[in-house]
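Asker: need a 3D model of the sequence below.
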Amino acid sequence: MPAPHVRRHAAALTDQLLTGVRGVLLNGPRQAGKTTLLSDIAAVRGVPLRSLDDRTTLGCR
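Answerer: Here you go, the predicted structure:
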């Protein structure tokens, strides 16, 4: 994980659970670090991260 972020206890388990799946929905309270967690894992794995908060991902204009 990148140094500027706090290592999350859920990081190793989340990374393990993502093995072999094409997509994941991570749900939780605002500002809990969901996007940061998945961004870090995606960066390490070299895969894209697509967020439903991104209008481009949703196909909105």
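
Asker: for the residue positioned nearest the centre of the chain, report the pLDDT, please.
Answerer: What sits nearest the mean C-alpha location of the chain, by CA atoms, centre = their mean, is residue 38, with 1.6 Å. Note on residue 38: pLDDT of 87.

Asker: wait, it sits on residue 27?
Answerer: No - between residue 38 and residue 27 there is no contact under CB atoms under 8 Å: 11.8 Å. To be clear about C-beta, it is placed using only N, CA and C from the backbone, and glycine gets the same treatment.

Asker: ok, residue 37 - how many residues close by?
Answerer: By other CB atoms under 10 Å, the residues close to residue 37 number 20.

Asker: residue 59 now?
Answerer: 6.

Asker: gap between residue 47 and residue 31?
Answerer: Separation of residue 47 from residue 31 (CB to CB, to the nearest Å): 24 Å.

Asker: same question for residue 20.
Answerer: Taking CB to CB, one finds residue 20 at 30 Å from residue 31.

Asker: how about the helices in the protein?
Answerer: Taking DSSP state H, the helices of the chain run over residues 11-17, 34-45, 55-58.

Asker: out of those helices, which one sits most buried?
Answerer: Using mean count of other CB atoms under 10 Å, the stretch among those with the largest mean neighbour count is helix 34-45, at a mean of 16.

Asker: of residue 20 and residue 31, who's got more company?
Answerer: residue 31 (8 against 5).

Asker: and the more buried one, its phi and psi?
Answerer: phi 60, psi 20 (degrees, to the nearest 10).

Asker: for residue 10, give me the pLDDT.
Answerer: pLDDT, residue 10: 79.

Asker: what's the nearest residue to it if we skip its chain neighbours?
Answerer: residue 37 (6.6 Å; CB to CB, 6 or more residues apart in numbering).

Asker: wait, the one you found touches residue 14, no?
Answerer: Yes - taking contacts as CB under 8 Å, residue 37 lies within contact range of residue 14: 6.3 Å.
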